[in-house]
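Visitor: pasting the structure only:
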């Protein structure tokens, strides 16, 4: 198999100057009380890859520009629309009024495996603090809760890895449903 | 929705003392020339979560015990069987003799989206260096190449995030095929 060169890969990517005007997928991400700026940066990099509609940064989640965010985002915070909202609960309530489905990534009594949850779009994936998870106020507003099935010893995945897995499952379903419509 | 408490979550997890004797899924991961120990640790944490058969660390990939690995692995290097093999090419050749399918995570002229590639088990997911990817010698031995579809500006995802997405797609397919058999 022939590896693609960097220029070949670049050719199939969105041009930076077109990023903020490009059509975006009907997926939003809300990050609440994320402690680690490296995690925020890694999630920006993933958000760029799936061309999210927007990132909403809430609570004490750090916001660009920050050196530690850019270390893992590698510039992706410039190609993803984002805004800061102090209260995740209020941000979620506004999204719900616009008809956005709220999907919390959290271990709850009703959570379904991410690969079994049929997602309706537009959807917003909510992730919470690295230790405490999605806060109760936001959870009460969620339409669904999903969890990444865990078969090992540890309680949880790194939040930016879990975010990547969950958001790509949303994309997989979005692409599949769009393909079905064609 | 009621959030699960840590003891409730712990109840559904593998007990640490049972980890190395437990039945494991027929998925292997091979990490070649991974530069960042934090990335190695994060991949161990994910490997624990999917109860991989084993991790094979090759080339200049750092091996436990290392403080920087454990910072992100959070102890997961103790619940995942692993070994070091200097040459990824030789390790892959041995796996192929045992009938393991080799799946390279790499942008190649023939790569398919990870969500479209039907996986046969046992399978080994190969990831390569953060900048240079899977090396040509190993790529020549791969049965399949998969890539995570990218819709944004950046060339690639963080390797530990990409690893998480790809390995959970393997698990999703494994679970689906096992469920179909029941």
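Guide: Great, that's in hand. This structure is a prediction, so every number in the text was calculated from the model and none was measured. Residues are numbered from 1 along each chain as shown, chains lettered A, B, ... in the order given.

Visitor: Stretch A:128-136 near chain B anywhere?
Guide: Yes. Judged by CB under 8 Å from any CB of the partner chain, stretch A:128-136 and chain B are in contact via A:133, A:134, A:136. Just so you know, the C-beta spots here come from the backbone N, C-alpha and C atoms, and that holds for glycine as well.

Visitor: ok, and the most crowded of those?
Guide: With neighbours defined as other CB atoms under 10 Å in any protein chain shown, the most crowded of the residues of stretch A:128-136 next to chain B is residue A:134; it has 24 neighbours.

Visitor: Pull the number of nearby residues for the residue lying closest to it once chain neighbours are set aside.
Guide: Nearest non-adjacent residue to residue A:134, counting by CB to CB, 6 or more residues apart in numbering or on different chains: residue A:128, 3.6 Å away. Other residues lying near residue A:128 total 25 when counted by other CB under 10 Å.

Visitor: ok, now which ones touch residue A:128?
Guide: A:32, A:33, A:34, A:104, A:105, A:106, A:134, A:135, A:138 (CB atoms under 8 Å, 6 or more residues apart in numbering or on different chains).

Visitor: Between these, identify the one with the most neighbours.
Guide: Neighbour-wise, the contacts of residue A:128 (other CB under 10 Å) top out at residue A:104, 30 neighbours.

Visitor: three-state assignment of that residue?
Guide: Under DSSP: H, G, I helix; E, B strand; the rest coil, residue A:104 falls in the strand class.

Visitor: Find the residue at the geometric middle of chain A.
Guide: residue A:29 (4.0 Å; CA atoms, centre = their mean).

Visitor: After the helix or strand encompassing that residue, which helix or strand is next?
Guide: Per DSSP states H and E, residue A:29 falls inside strand A:27-32. Using DSSP H and E, the helix or strand that follows strand A:27-32 in sequence is helix A:37-49.

Visitor: Tell me which other helices or strands that following helix touches.
Guide: strand A:27-32, strand A:54-58, helix A:67-73, helix A:159-181, helix B:159-181 (3 or more CB pairs under 8 Å, 6 or more residues apart in numbering or on different chains; DSSP states H and E).

Visitor: which residues are in contact with it?
Guide: By CB under 8 Å, 6+ apart, the residues outside helix A:37-49 that reach it are A:19, A:29, A:31, A:34, A:55, A:57, A:61-62, A:64, A:66, A:68-74, A:76-77, A:79-80, A:82, A:127, A:130, A:158-160, A:163-164, A:167, B:148, B:150-154, B:157-158, B:161.

Visitor: ditto for stretch A:82-101
Guide: Everything outside stretch A:82-101 that qualifies as a contact, by CB under 8 Å, 6+ apart, is A:28, A:30, A:32-33, A:44, A:54-59, A:61, A:63-64, A:102, A:119-124, A:126, A:135, A:137-138, A:141-144.

Visitor: In stretch A:139-147, which of the residues would be classed as buried?
Guide: A:139, A:141, A:142, A:144, A:145, A:146, A:147 (16 or more other CB atoms under 10 Å in any protein chain shown).
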